[in-house]
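Chemist: what shape does this take:
(one chain, ligands or ions: 3)
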Amino acid sequence: EAAGEKKRWTLNDFDIGKPLGRGKFGHVYVAREKRSNHVVALKVLFKSQLKQSQVEHQLRREVEIQSHLRHPNILRLYGYFYDQKRVYLILEYAAKGELYKELQRCKYFSERRAATYVASLARALIYCHGKHVIHRDIKPENLLIGAQGELKIADFGWSVHTFSRRQTMCGTLDYLPPEMVESTEHDASVDIWSLGILCYEFLYGVPPFEAKEHSDTYRRILLVDLKFPSKPVVSSSAKDLISQMLVRETSKRMPLHKLLEHPWIIQNADPSG
Ligand SMILES: Nc1ncnc2c1ncn2[C@@H]1O[C@H](COP(=O)(O)OP(=O)(O)OP(=O)(O)O)[C@@H](O)[C@H]1O
Ligand SMILES: O=C(O)c1cc(-c2cccc(F)c2)nc2ccccc12
Ligand SMILES: [Mg+2]
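Modeler: Ligands and ions are numbered 1, 2, ... in the order given. Predicted coordinates for the structure are as follows:
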């Protein structure tokens, strides 16, 4: 069959190794595919819990999308299989684990490290938007680190662009209200906003609109109440980029391809990503 494309996997194809972590619906283990000796991450999800949370359709759709995405900064989904009780996802193994743990350990990243991560995420998002796939929420918890220190977007929260559902749903766009037609633009710019939040958190160790109460965070976001602390010292070039991404008016946010040309990225990001 085509490389791993139509193969029918079973648990017997793998030697299971140490647990990597616990997710909402089950555990993730290191595993080695016996024939190829290829090391992967095997994510085990319990059908009972998927049913309970009514996420099985979402999981199927996200697995469908994820398996077609091929980018160095997007965690690969090689395949899946299921038995009586569980669904198994065969994932690329991110040897250096979770980014948010690394951020907690370092408190905040250097400008070079932050810019390198932001540039690789921007390239991954440009790739996704080009395929009408948008991401719902980019945050440190959804980012893993590969063996060479490269960033991998690992979240299965990808949602296929409503663009295709809208097309098939009503055949014509004529009856769509402006906000739904506009949502194409709206979705892409959501990812630019989230990347701006992430860039701030990489540099300061905390997200920009953090507050004790949710209602205060909500208000600060709506007001774009963006403040840069005096410590740690951060270049004005970095602050300029963040200020151009965290803009209320979606169409005024810096486009991702422009981000890759920003002086702060040019001067600080490691081209290899
Ligand atoms: N491909 C991987 N490589 C290395 N470690 C992984 C991988 N996938 C998951 N892990 C580890 O297992 C933990 C749980 O996985 P994950 O976060 O995907 O489960 P989940 O929270 O149920 O899924 P989601 O975050 O999409 O809801 C992660 O926090 C991470 O430490
Ligand atoms: O028993 C099933 O046919 C089954 C299949 C799948 C499934 C099928 C393909 C991809 C994927 F991610 C999941 N998910 C489930 C979730 C809950 C209960 C049953 C199932
Ligand atoms: Mg998780």
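Chemist: ligand 2 contacts on this structure?
Modeler: K47, L50, K51, E56, L59, R60, V63, Y80, Y82, V87 (C-beta under 6 Å from any ligand atom). Yep, even glycine has a C-beta here, placed from its N, CA and C like the rest.
Chemist: now do 8 Å
Modeler: When proximity is defined by C-beta under 8 Å from any ligand atom, the chain lies next to ligand 2 at 45, 47-48, 50-51, 56, 59-60, 62-64, 80, 82, 87, 89.
Chemist: for those, which one is nearest S194?
Modeler: E62 (17.5 Å; C-beta to C-beta).
Chemist: closest to A238 out of the residues of the chain next to ligand 2?
Modeler: For the residues of the chain next to ligand 2, the nearest to A238 is E62 (32.8 Å; C-beta to C-beta).
Chemist: F25 versus Q52, what's the distance?
Modeler: Distance from Q52 to F25, counting by C-beta to C-beta, to the nearest Å: 9 Å.
Chemist: repeat for H135
Modeler: Going from H135 to F25 by C-beta to C-beta gives 20 Å.
Chemist: filter the residues of the chain next to ligand 2 to the buried ones?
Modeler: Buried subset of the residues of the chain next to ligand 2 (neighbour count, 16 or more other C-beta atoms under 10 Å): L45, K47, L50, L59, E62, V63, Y80, V87, L89.
Chemist: looking at these, which is nearest A211?
Modeler: Proximity of those to A211 (C-beta to C-beta) peaks at E62, which lies at 31.1 Å.
Chemist: which stretches in this protein count as strands?
Modeler: Remark: strands assigned in the chain by DSSP state E are 14-22, 27-33, 38-46, 77-82, 86-92, 133-134, 143-145, 151-153, 159-160.
Chemist: just the angle between the third one and strand 77-82, please?
Modeler: It stands for strand 38-46. 40 degrees (axes from the mean of the first three to the mean of the last three C-alpha atoms, to 10 degrees).
Chemist: ok, the first one next?
Modeler: Regarding strand 14-22 and strand 77-82, their directions subtend 100 degrees when assessed with the same axes, to 10 degrees.
Chemist: spell out whether strand 14-22 and ligand 1 are in contact.
Modeler: Yes - contact between strand 14-22 and ligand 1, assessed by C-beta under 8 Å from any ligand atom, occurs at L20, G21, R22.
Chemist: per-residue pLDDT, the second one?
Modeler: Translated: G21. G21 carries a pLDDT value of 92.
Chemist: name the nearest residue to it, ignoring sequence neighbours.
Modeler: V28 (5.3 Å; C-beta to C-beta, 6 or more residues apart in numbering).
Chemist: can you find the helix or strand in this structure with the smallest mean pLDDT?
Modeler: Least confident helix or strand of the chain, by mean pLDDT, DSSP states H and E, is helix 162-170 with a mean of 47.
Chemist: tell me where this protein has helices.
Modeler: Taking DSSP state H to define them, one finds helices in the chain at 47-52, 56-68, 99-106, 111-130, 162-170, 178-204, 214-223, 236-245, 256-259, 263-268.
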